[in-house]
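Novice: Make a model of this:
(one chain, ligands or ions: 1)
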Amino acid sequence: MPDMKDVSYALCFNCASVYKISNKNQLKCSYCKHCVDIELYKKILGFAKTAVHFGYVYRKKYEEIINNISKRIIPNPIIGNTVEIRLDYFHINKRLMDMDNIAKCVLDALTGIAYVDDRQVILQAATAHSLASIIIITNGIVDLIKPLAQYEEYLFIRVRNVIDTSTVYDKRK
Ligand SMILES: [Zn+2]
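Specialist: Reported below is the predicted structural model:
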């Protein structure tokens with residue numbers, strides 16, 4: 001829990017302004033006059049710190065893993081603005097990140113490997129599949145579900161150049 005001894009400024013949870021603390025027992029925002037008990041303030045700040053730390057560390061690690069694997073598989077980045085990315089995320093437990101965050105992570109991690117700049121990506125599709133129920137893969141790509149025999153959670157990434165088919169990235173190889 002954060003120590004408030006040397007803190008002279010507080011963040012207002014109501015209007016998001018940073019204000020100078022005048023009363024250390026009850027924090028009152030000088031802008032919107034919103035009040036918060038000091039103990040509650042410390043508690044919320046503690047949760048926020050944990051969330052930020054978790055988000056940052058987890059994301060960094062995730063990007064590193066994708067970066068390392070893709071470096072070994074993808075020989076050269078695609079040059080044109082013709083990159084298509086499909087993500088299929090299979091999970092048995094409750095998801096820790098939403099698909100938007102996962103997609104952002106992957107786009108960042110593949111920059112410089114699958115393409116030079118993520119602005120080259122013209123199509124991006126991300127789907128989460130819960131393993132808590134039956135999964136029906138309609139597009140016939142059976143390889144998507146092959147790792148199910150081994151893993152309870154995985155992300156299947158498909159990257160391809162929609163114009164120049166000679167640089168198709170195929171994870172099945
Ligand atoms: Zn305020």
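
Novice: residues near residue 78, how many?
Specialist: As a burial measure, residue 78 scores 25 neighbours (other Cβ atoms under 10 Å). The way it works is simple: take the backbone N, C-alpha and C, and place the C-beta from them, glycine included.

Novice: Now do the phi/psi pair for it.
Specialist: Main-chain dihedrals, residue 78, degrees, to the nearest 10: phi -70, psi 140.

Novice: quick one: it and residue 161 touch, right?
Specialist: Yes. Using Cβ atoms under 8 Å, residue 78 is in contact with residue 161, at 4.5 Å.

Novice: State the distance from the residue lying closest to residue 112 once chain neighbours are set aside to residue 113.
Specialist: In this structure, residue 112 finds its nearest non-sequential neighbour in residue 77, 6.7 Å apart by Cβ to Cβ, 6 or more residues apart in numbering. Using Cβ to Cβ, to the nearest Å, residue 77 is found at 6 Å from residue 113.

Novice: who's more crowded, these two?
Specialist: Legend: neighbour count by other Cβ under 10 Å for residue 77 and residue 113, higher for residue 113 (21 against 17).

Novice: any idea which element the closest residue to the more buried one other than its chain neighbours lies in?
Specialist: Nearest residue to residue 113 in three dimensions, chain neighbours excluded: residue 70, at 4.9 Å (Cβ to Cβ, 6+ apart). Using DSSP states H and E, residue 70 sits within helix 38-73.

Novice: quick one, what contacts the nearest residue to residue 93 once chain neighbours are set aside?
Specialist: Nearest residue to residue 93, sequence neighbours excluded (Cβ to Cβ, 6+ apart): residue 153, at 7.0 Å. Residue 153 makes contact with 90-93, according to Cβ atoms under 8 Å, 6 or more residues apart in numbering.

Novice: what does stretch 111-118 contact?
Specialist: 67, 70-71, 74, 77-79, 83, 85, 107-108, 110, 121, 159, 169.

Novice: From those residues, list the ones also adjacent to the ion.
Specialist: Among those, not one lies near the ion by Cβ under 5 Å from the ion.

Novice: Buried residues in the lowest-mean-pLDDT helix or strand in the chain, which are they?
Specialist: For the chain, the helix or strand with the lowest mean confidence is helix 38-73, at a mean of 87 (criterion: mean pLDDT, DSSP states H and E). Of all the residues in helix 38-73, those buried under the rule 16 or more other Cβ atoms under 10 Å are 41, 45, 59, 62-63, 66-67, 70.

Novice: just curious, which of those residues is nearest to the ion?
Specialist: residue 41 (12.4 Å; Cβ to the ion).
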